[in-house]
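A.B. asks: output the structure for:
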Amino acid sequence: AQCESTMGTFSFGTQMFGRGSYESAQRDSCECIPEGEVEERYVTIVEALYREQNPSMVGEARNKVIAHKQKEWKLVHALHEKYPQAIRKEQPTRPPTKPPKGSREL
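C.D. replies: Here you go, the predicted structure:
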């Protein structure tokens, strides 16, 4: 639902210039999380990032995620811009799957 909608929005511009490869990469790298587990997953992600990059902020992770409700990706993006050394490129270890109904893309 929302995963597919988001993917559709982002892939609109690439439809004329190689849609298949973009959608394939999006499917391979996205992880869809049940709606009720999204906040906790983002808290875990932000805590881990702070633990590595700025341990004094670990206790603020939950408040930061709550303050970015429905726009958690903006928080993660801002943190990656602030701490670019935290970004690691890895190959996906799971097969691509279709997003389950009632889930959100991370």
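
A.B. asks: residues in contact with stretch 76-96?
C.D. replies: For stretch 76-96, the external contacting residues (CB atoms under 8 Å, 6 or more residues apart in numbering) are Ser24, Arg27, Asp28, Ser29, Tyr42, Ile45, Val46, Leu49, Tyr50, Glu52, Gln53, Asn54. C-beta: built from backbone N, CA, C; applies to glycine.

A.B. asks: swap in 6 Å and give it another go.
C.D. replies: Stretch 76-96 has contacts (CB atoms under 6 Å, 6 or more residues apart in numbering) with Arg27, Asp28, Leu49, Gln53.

A.B. asks: send me the helix or strand the third one falls within as PDB with only the CA atoms.
C.D. replies: Right, the one you point to is Leu49. If you go by DSSP states H and E, Leu49 is part of helix 38-53. What follows is helix 38-53, C-alpha atoms only, in PDB (Å, rounded to 0.1, in the frame of the first residue of the first chain):
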ATOM      1  CA  VAL A  38       7.700   1.500  12.300                       C
ATOM      2  CA  GLU A  39       8.300   3.900  15.200                       C
ATOM      3  CA  GLU A  40      10.300   1.300  17.200                       C
ATOM      4  CA  ARG A  41      12.400   0.300  14.100                       C
ATOM      5  CA  TYR A  42      13.300   4.000  13.600                       C
ATOM      6  CA  VAL A  43      14.200   4.300  17.200                       C
ATOM      7  CA  THR A  44      16.500   1.300  16.900                       C
ATOM      8  CA  ILE A  45      18.100   2.800  13.800                       C
ATOM      9  CA  VAL A  46      18.600   6.200  15.300                       C
ATOM     10  CA  GLU A  47      19.900   4.800  18.600                       C
ATOM     11  CA  ALA A  48      22.500   2.700  16.700                       C
ATOM     12  CA  LEU A  49      23.600   5.600  14.700                       C
ATOM     13  CA  TYR A  50      24.000   7.800  17.800                       C
ATOM     14  CA  ARG A  51      25.700   5.000  19.600                       C
ATOM     15  CA  GLU A  52      28.400   4.900  16.900                       C
ATOM     16  CA  GLN A  53      28.700   8.600  16.100                       C
END
